[in-house]
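Peer 1: Dropping a prediction and its sequence here:
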Amino acid sequence: MGLFDNIRNQVNNAVQPTGGGGNRSVNVVFASLPETVEQFKALPQAAMSNPFDTAALTVLAFCFYPQDKDACLAMVDHLKGPRPLSNYEKSFIADRFRDSDYVPRSYFNGATPQNDYLPSQPYTVTVSENPYSYQNEGYAKLFIRSGGADSPREVLLRKAKDGKWYLWEQYILVGIRKPESSNPWA
């Protein structure tokens, strides 16, 4: 069973710039959604050659938590590279998923409270930079918009000696609007 089978299925893969300069946005499109950690590591974006790919993979990895917590944590560990998840981070992640499994998929294009955060196809995450994204050498602060939040969320990445961009910190597992199906006030 695929990652979004209970919601929907399919995809295409490419990194497509949609802007320029210090306000560039990149659409990271997944050609296939992985079903295992090995398939996740085999995705073209898993080369982590640019910070946009790593940020988008962070969203994808967290989508696994509701169906396979261990796979999710292994994927995030892969994205963190030489600095694996701490016990505190694992506890924080578990806490974020206690009452809302929809938050990570809200970062896929087309996912909104009105459609219970069902991503549109092809599965795409738009990652943006701003003029301040590269203020600290070796770091990139990028932003991803959630269909359930008013402002984009931040992902901080760090470039290692091997030339790869690793996940340093993420602020995407924060509260957003509830899906309409579970919101008695919608």
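Peer 2: That came in fine, so what should we check first?
Peer 1: Please enumerate the helices of the protein.
Peer 2: 37-42, 51-63, 69-80, 87-96 (DSSP state H).
Peer 1: and those, which is most packed in?
Peer 2: Highest mean neighbour count of the helices of the chain: helix 51-63, a mean of 26 (counted as mean count of other CB atoms under 10 Å). Every C-beta, even on glycine, is put in place using the N, C-alpha and C of the backbone.
Peer 1: So which residues make contact with that one?
Peer 2: Helix 51-63 is contacted by residues 3-4, 15, 26, 28, 30, 33-34, 40, 43, 45-48, 72, 75-76, 78-79, 93, 103-105, 107-108, 125, 127, 140, 142, 144, 155, 157, 159, 164-167, 170, 172-173 when judged by CB atoms under 8 Å, 6 or more residues apart in numbering.
Peer 1: so what's Thr18 scoring on pLDDT?
Peer 2: Among the per-residue scores, Thr18 holds a pLDDT of 43.
Peer 1: Quick check on the contacts of helix 51-63: which are buried?
Peer 2: By neighbour count, with 16 or more other CB atoms under 10 Å, the contacts of helix 51-63 hold 3-4, 15, 26, 28, 30, 33-34, 40, 43, 45-46, 48, 72, 75-76, 78-79, 93, 103-105, 107-108, 125, 127, 140, 142, 144, 155, 157, 159, 164-167, 170, 172-173 as buried.
Peer 1: Skipping adjacent residues, who's closest to the residue positioned nearest the centre of the chain in space?
Peer 2: Against the mean C-alpha coordinate of the chain, by CA atoms, centre = their mean, the closest residue is Val59 at 1.4 Å. Excluding its sequence neighbours, the residue lying closest to Val59 (CB to CB, 6 or more residues apart in numbering) is Tyr107, at 4.4 Å.
Peer 1: Ok, Gln135 next?
Peer 2: Lys141 is the one closest to Gln135 (CB to CB, 6+ apart), at 7.6 Å.
Peer 1: which residues does that neighbour contact?
Peer 2: Here Lys141 is in contact with 129, 132-135, 154-157 (CB under 8 Å, 6+ apart).
Peer 1: Make TSV from these and add distance to Asp116 and pLDDT to it.
Peer 2: Converted to TSV, these look like this (distance: CB to CB, whole Å; pLDDT from 0 to 100):
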residue	distance to Asp116	pLDDT
Glu129	30	97
Tyr132	34	95
Ser133	32	96
Tyr134	36	96
Gln135	37	95
Glu154	25	98
Val155	24	98
Leu156	29	98
Leu157	30	98
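Peer 1: Tell me the buried residues within those.
Peer 2: Buried subset of the contacts of Lys141 (neighbour count, 16+ other CB under 10 Å): 129, 133, 154-157.
Peer 1: Ala160 contacts Tyr139, correct?
Peer 2: No - between Ala160 and Tyr139 no contact is recorded; they are 11.3 Å apart, counting by CB atoms under 8 Å.
Peer 1: quick one: low-confidence ranges for the protein?
Peer 2: The model of the chain has pLDDT under 70 over residues 1-21, 186.
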